[in-house]
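# Okay, here's the prediction I keep looking at, along with the sequence it came from:
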Amino acid sequence: MQLTVAIIGPAHALKGEVRLEIRSDDPEGRLAPGAVLATQDRSGRPAADLTVERLRFDGTRWFAAFAEAPDRTAAEALRGHRLLIDTDTEPEDEDDDAWYRHELVGLTARRVDGTGLGAVTDLEPGVAQDRLIITTPSGQRVAVPFVEALVPEVDLEAGLVVIDPPGGLFPDLGAAEVSEDTAGTSGSRATRSAGEAVDGAHHD
């Protein structure tokens, strides 16, 4: 399966550099100079492979330059392309508590007492921790920090994710119905790597 490492944004400066929308928690590893990545254009069709020539982080955003795009015009033509990896050729991940975005989306979300919360509709990467996006039956999107204290169980076989939300996180339930024991907790389950499929996530 091919997963997205990054999406190419607008050209930056005059030397073929582009801004990247990162979809991996390991951009320095995935996009190291010399790496060759498959790509898809904006319509989702396969496009020419790209070779990373430079990669840098300015403290807020990632930028890269590719050997196949030596100037601003060529770089701008890559805007919207996806940089891909093939997970079928990846070494086995030894961490059993690790998931890709495509494994999580579609899971039923329930509280620890069995109360239905909705369904997982996205996994958003974050700096400190990822966030599970739960869409409730009323259509509200709730971002749940993907940490073990708040998401104590992920059961792919059962199609289920168990959530212990702090008070007020799910307004549909009412503040009185949810436990406040876990408010302010941390201990992130970080993204594994790549994805539109953004890379999955794991217990720390």
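Received, thanks.
# which residue ranges form the helices in this structure?
Secondary structure of the chain (DSSP state H): helices located at 27-30, 72-76, 101-104.
# Show me what the first one is packed against.
Packing contacts for helix 27-30, counted by 3 or more C-beta pairs under 8 Å, 6 or more residues apart in numbering; DSSP states H and E, involve strand 2-12, strand 46-57. Yep, even glycine has a C-beta here, placed from its N, CA and C like the rest.
# which parts of it are buried?
For helix 27-30, the neighbour count (16 or more other C-beta atoms under 10 Å) marks 27, 30 as buried.
# now the closest residue to Glu68 other than its chain neighbours, which residues is it bridged with?
Residue nearest to Glu68 in three dimensions, not counting chain neighbours: Leu50, with 5.6 Å by C-beta to C-beta, 6 or more residues apart in numbering. On the basis of DSSP bridges, Leu50 is bridged to Leu37.
# Tell me how far Leu50 lies from Gln140.
Here the criterion is C-beta to C-beta, to the nearest Å. By it, Leu50 lies 39 Å from Gln140.
# Give me the more crowded residue out of those two.
Comparing Leu50 with Gln140 by neighbour count (other C-beta atoms under 10 Å), the higher total belongs to Leu50, at 24 against 12.
# Could you double-check that the more buried one sits in contact with Ala74?
No - in this structure, Leu50 sits apart from Ala74 without contact. The criterion is C-beta atoms under 8 Å, and the distance is 10.7 Å.
# so what's in contact with the two at the same time?
Common neighbours of Leu50 and Ala74 (criterion: C-beta atoms under 8 Å, 6 or more residues apart in numbering): Glu68.
# Now tell me which helix or strand of this structure has the poorest mean pLDDT.
Averaged element by element with mean pLDDT, DSSP states H and E, the chain has its least confident helix or strand at strand 190-191 (a mean of 43).
# and Asp96, what pLDDT?
Model confidence at Asp96, given as pLDDT, is 46.
# and Ala143, what are its bridge partners?
In this structure, Ala143 has the following beta-bridge partners (DSSP bridges): Ile133.
# Much appreciated, bye for now.
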